[in-house]
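> this is a predicted model, with the sequence first.
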Amino acid sequence: MENPLVSITRSERIDDFESVNKAVSDSINLIGGLETLITRGDSVLIKPNVLCAMDYKTGAVTNPNVVKSLCRLARKAGAGKIIIAESSVIGCKTRDAFDASGYTELAREEKTELVDLKKAGTLYMGIPNGKIFRRIELPEVLFKSDVIINVPVMKTHDMLPVTLGLKNMKGVIKDKDKKRFHVLGLAQSIIDINKLVLPQLTVIDGTVAMEGLGPVHGKPVNLGVIITSFDTVAADTVAASVMGIDPGKIDYIQLAAQQDLGCADLSLIEVSGLSIEQVKRPFELLRLDFEEFEKKLGIKIHEAGACSGCRQVVETLLNNYLKGKLDVLKDHTLIFGQTVKAPSKIKGKLLSFGSCTKKYKSQGGYIPGCPPMQEHVLEYFGMDPDSWTD
């Protein structure tokens, strides 16, 4: 098999359509062009990341200039029908998100169909090789489309180190299943859904990326980068490397490679256009020293064998959502991780965090999930779940 090809291009102006269009067009041409994917009359579905009612300049949602470019390129390649489809996060109306982020206007200008996947007709589909999900309800429009183009934003994530191409496809599922993913295991669930809906083309929007407390509340990064590949896993691997994050430490990227969804080995990926080093810009991640919390605040935190998901949620909780309110944890010993053991002597209340610590739930407080959903964490502390968006 040929090595997967990933292209990297740069737009000098993130808010100028012509500049963005050139970067997108060049990136696709560098891997072979849309003509190798789209045949005349095809129905093309474009899946951006429009998770909430925000402007793309925040870094939270896909730059509509990128999607506009893809609409025009797809039509030029012969697409007979173009659909822009998305499902916003739980608690947000997709139509409001489309309006605020410019997609309603874009669809009108480009004469494309705009589909709210929350309200679309569905089918139950089997996943014969699914490890967690063997059957799931999915929008019928996905399976009536000849080509799926995935357009995620390059962002850090408060529950995973990054959210890129593979994670963006979680947006096609029903709200009830978005919750189940966290209860049953987020990383493998992401892989299971991609076994059904893995896109033919992934275009990662790094024009305005996000670092820190992504995917919603982080800081915008005006990077101007477009990363494109027919191999979503390879695209994610390159994008994580551009962000200064080791793809080998991102659970769902490694699971995807192990289960034959694509290549996560940088030594086997051919990068065209700009190099990783030419555009690399280390992204800020939440990283906390748990020992400092015990020294300064008397909060004991024990972790052993934790995956990136639980660690990210704990760090986000302490760094942001309980900032200034950490006194609620002063009587807690918090434990999380696959191999952690509850201390034999506990001063105050034990809080077992995540599915791996379920065996200790009878000894104190317990927050379930793999990793726990933000709303459950906040509810435990008597806080408003709407203040933390997934």
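That came through fine.

> tell me where the stretch 201-350 of the chain has strands.
201-211, 219-221, 225-229, 270-273, 300-303, 332-336, 349-353 (DSSP state E, counting those that start in this stretch).

> centre-most residue in the protein?
For the chain, the residue nearest the mean C-alpha position is residue 163 (2.8 Å; Cα atoms, centre = their mean).

> for the closest residue to it other than its chain neighbours, what are its contacts?
Distances taken as Cβ to Cβ, 6 or more residues apart in numbering place residue 157 nearest to residue 163, at 4.3 Å, with adjacent residues excluded. Placement of C-beta: from N, CA and C, glycine included. Residues counted as contacts of residue 157 (Cβ atoms under 8 Å, 6 or more residues apart in numbering) are 163, 167, 214, 215, 312.

> tell me which of those residues has the lowest pLDDT.
Within the contacts of residue 157, the minimum per-residue pLDDT falls on residue 312 (67).

> lowest confidence element among the helices and strands of this structure?
Least confident helix or strand of the chain, by mean pLDDT, DSSP states H and E, is helix 308-316 with a mean of 73.

> low-confidence bits of the stretch 201-350 of the chain, can you list those?
286-288, 308-309, 312, 320-323 (pLDDT under 70).

> all helices for it, in order.
For the stretch 201-350 of the chain, the helices defined by DSSP state H, counting those that start in this stretch occupy 232-242, 251-258, 276-279, 290-297, 308-316.

> before we move on, what about the stretch 1-150 of the chain?
For the stretch 1-150 of the chain, applying DSSP H, counting those that start in this stretch gives helices covering 17-30, 64-76, 94-101, 103-110, 140-143.

> just the mean pLDDT for the third one, thanks.
Averaging pLDDT along helix 94-101 yields 97.

> any idea how far that helix is from the chain center?
Distance of helix 94-101 from the chain centroid (Cα atoms, centre = their mean, to the nearest Å) equals 19 Å.

> tell me what it is packed against?
Applying 3 or more Cβ pairs under 8 Å, 6 or more residues apart in numbering; DSSP states H and E, we find helix 94-101 packed against strand 81-86, helix 103-110, strand 113-116.

> also the longest one?
Secondary-structure packing of helix 17-30 (3+ Cβ pairs under 8 Å, 6+ apart): strand 5-10, helix 64-76, strand 201-211, strand 225-229, strand 270-273.

> for residue 98, find the nearest of those.
Closest approach to residue 98 among those (Cβ to Cβ): helix 64-76, 9.9 Å.

> what's the angle between the closest one and helix 17-30?
Calculated by axes from the mean of the first three to the mean of the last three Cα atoms, to 10 degrees, helix 64-76 forms an angle of 50 degrees with helix 17-30.

> residue 306: what's its closest spatial neighbour, skipping adjacent residues?
residue 337 (3.7 Å).

> domain ranges for the chain?
5-279, 290-387 (automatic domain parsing).

> pick the most deeply packed of these.
domain 5-279 (a mean of 21; mean count of other Cβ atoms under 10 Å).

> how about low-confidence regions in the stretch 1-150 of the chain?
Those would be 1, if you go by pLDDT under 70 across the stretch 1-150 of the chain.

> give me that answer again for 80
The stretch 1-150 of the chain contains residues with pLDDT under 80 at 1, 90-91.

> can you list the helices of the stretch 201-350 of the chain in TSV and add distance to residue 45?
Below are the helices of the stretch 201-350 of the chain laid out as TSV (distance: least, Cβ to Cβ, whole Å):
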stretch	distance to residue 45
helix 232-242	15
helix 251-258	21
helix 276-279	28
helix 290-297	44
helix 308-316	28
